[in-house]
Structures are given as structure tokens and as C-alpha cells.
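A.B. asks: need a structure here:
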Amino acid sequence: MPRIVLAFVCAVSAALALSACADNQPQKHAPKDPADYHGVPTDMTPPSMIDAPAKPQ
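C.D. replies: Sure thing, here's the model as predicted:
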């Protein structure tokens, strides 16, 4: 019996610990830099490595 109780307590503790790490508030908008900030931008999207195709003339 004590082994079952210990296993249940461990399972509940693990579930609580994992649920505490979950982010339940979705981010509504992308972060923006202040107007006077001239450092690294917050946009982490890598630049495109492929140029746009040339338009036929």
C-alpha cells in the first residue's frame, strides 16, 4: 500500500512540475524595439539566401 501511495505522490508531483513550466498565455504580438534602441533587432528571422527570380524582359 505505501508503494502505491508513493507512486501516486510522485506522479502528481511530476505532473504539477511539468504544468508549472507550461506557458498558458499566448503572445498577442511580436516584441518591438523602442524607437531609440539601435542595437540588435528582435526579429530573429534569418535573411533569405535565395534572390528573387529575375523578371523576363
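A.B. asks: Which residue ranges of the chain form helices?
C.D. replies: Using DSSP state H, the helices of the chain run over 2-21.
A.B. asks: Can you pull the poorly scored residue ranges out of it?
C.D. replies: Within the chain, the stretches with pLDDT under 70 are 22-27, 40-43.
A.B. asks: Kindly recompute the last result at 90.
C.D. replies: For the chain, the stretches with pLDDT under 90 are 1-2, 15-57.
A.B. asks: gap between residue 17 and residue 11?
C.D. replies: The spacing between residue 17 and residue 11, counted by CB to CB, to the nearest Å, is 11 Å. Bear in mind the C-beta positions are built from the backbone N, C-alpha and C, glycine included.
A.B. asks: no no, residue 45
C.D. replies: Per CB to CB, residue 45 is found 40 Å from residue 11.
A.B. asks: out of these two, which sits in the busier spot?
C.D. replies: residue 11 (10 against 6; other CB atoms under 10 Å).
A.B. asks: before we move on, back to that, shared neighbours, residue 17 and residue 11?
C.D. replies: Counting by CB atoms under 8 Å, 6 or more residues apart in numbering, residue 17 and residue 11 have no common neighbour.
A.B. asks: and residue 19, how many neighbours does it have?
C.D. replies: 9.
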